[in-house]
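Enquirer: Build the 3D model from these lines:
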Amino acid sequence: MALLGFISKEKKKDLDKGLEKTKENVFKKLSRAVVGKSRVDDEVLDQLEEVLISSDVGVDTTIRIIERIEKRVASDRYLNTDELNRILSEEIAGLLEENKSGETTGFDSELPSRPYIIMVVGVNGVGKTTTIAKLAYHYKQAGKSVILGAADTFRAAAVDQLQIWSERVGVKLVKQPMGSDPASVAFDTVKSAVSENIDVAIIDTAGRLHNKANLMNELAKIKRVMAKVIPEAPHEVLLILDGSTGQNAFEQARQFTLSTEVTSMAVTKLDGTAKGGVVIGISDQFKIPVKYIGIGEKLEHLQVFNRYEFVDSLFSQ
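Expert: Residues are numbered from 1 along each chain as shown. Now for the predicted structure:
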């Protein structure tokens, strides 16, 4: 049973398919947890805890969910699989709501600022470049003009990949030779966005520096130079995380939230993993809203995160 429906049937179908591995993992274990049971006893709760942890929800978040379920079933402890799925989905949606995940408006909504500056952060290999391309695609499809900034000047491949994607999507790219000052690229990108009356500027940043102090200093410098053009820039710092890495994604989030002020997150590669629970845990532990999820390789497979549709895809039969 869907809690609420906001996205099109086609997008919901993509979401269901993208979360198939996680759903199959959760369902099989949930079914085993309640087989032969007529009530939620300690054994069911123990097995439910194991299901959530094995789906990379995380220990702390799992404990919170179990405690909430215990309160829910205290008066009426009888259940079947459908009932447990419903209670779980409602409690998880509640957690996501508390952390403001899934409250994002669509790409066609009015921008809070124009030009709207997005600084994208994340380690190499998490799908950062392709996510930037997908964001550009969706904004362009919504009728907005977009410019990209290749400020990851430490890797030639990063600039080349962004160049290819900018041409495919049909948006302008600002770049400089490898080894250039990343802040200079960011400055030029924001300046171009203002002078060319562009709606959205998306700026890539380095995924790996020598240590956390270097990362912090570099990102702070990029933000400072952008603020010379637009004092409020960047309007958004979007952290890209690879959902298939499970607990490693938690560590990446920890490092980047210590290094810079992350305001939103995108969790990618959920279609290739049974660890989709990482979306729930990361949102809960870091209190930063999940704004997008990646559920496939196509440009269309980056979706604005909808908490109700997400939990429905995981728990509905």
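
Enquirer: Show me what the helix or strand bottoming out on mean pLDDT in the chain packs onto, helices and strands only.
Expert: Lowest on mean pLDDT, DSSP states H and E among the helices and strands of the chain sits helix 20-34, with a mean of 77. On a contact count with 3 or more Cβ pairs under 8 Å, 6 or more residues apart in numbering; DSSP states H and E, helix 20-34 meets helix 42-54, helix 81-98, helix 307-315. Bear in mind the C-beta positions are built from the backbone N, C-alpha and C, glycine included.

Enquirer: Most tightly packed of these?
Expert: Of those, the one with the most neighbours on average (mean count of other Cβ atoms under 10 Å) is helix 307-315, at a mean of 24.

Enquirer: Strands of the stretch 51-200 of the chain, residue ranges please.
Expert: Remark: strands assigned in the stretch 51-200 of the chain by DSSP state E, counting those that start in this stretch are 116-121, 146-150, 172-174, 200-204.

Enquirer: now those strands as CSV including distance to residue 263?
Expert: Shown next, in CSV, are the strands of the stretch 51-200 of the chain (distance: least, Cβ to Cβ, whole Å):
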stretch, distance to residue 263
strand 116-121, 9
strand 146-150, 18
strand 172-174, 22
strand 200-204, 14
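
Enquirer: Three-state assignment for residue 297, please.
Expert: Following DSSP: H, G, I helix; E, B strand; the rest coil, we place residue 297 in the coil state.

Enquirer: Let me see the contact set for it.
Expert: For residue 297, the contacting residues are residue 130, by Cβ atoms under 8 Å, 6 or more residues apart in numbering.

Enquirer: 7 Å instead, please
Expert: Residues near residue 297 by Cβ atoms under 7 Å, 6 or more residues apart in numbering: none.

Enquirer: same question, residue 292
Expert: Contact partners of residue 292, counting by Cβ under 7 Å, 6+ apart, are 266, 302-305.

Enquirer: Same list (the helices and strands packed on helix 20-34) but as CSV, adding distance to residue 128.
Expert: Shown next, in CSV, are those (distance: least, Cβ to Cβ, whole Å):
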stretch, distance to residue 128
helix 42-54, 27
helix 81-98, 23
helix 307-315, 22
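
Enquirer: Give me the neighbour count for residue 150.
Expert: Neighbours of residue 150 under the rule other Cβ atoms under 10 Å: 28.

Enquirer: neighbours of the closest residue to it other than its chain neighbours, just the number please.
Expert: Excluding its sequence neighbours, the residue lying closest to residue 150 (Cβ to Cβ, 6 or more residues apart in numbering) is residue 175, at 4.1 Å. Applying other Cβ under 10 Å, we find 22 residues neighbouring residue 175.

Enquirer: got the helices and strands packed on helix 20-34 as a markdown table, with mean pLDDT and distance to residue 286 columns?
Expert: Output for the helices and strands packed on helix 20-34, formatted as a markdown table (pLDDT from 0 to 100; distance: least, Cβ to Cβ, whole Å):
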| stretch | mean pLDDT | distance to residue 286 |
| --- | --- | --- |
| helix 42-54 | 86 | 18 |
| helix 81-98 | 83 | 13 |
| helix 307-315 | 85 | 16 |
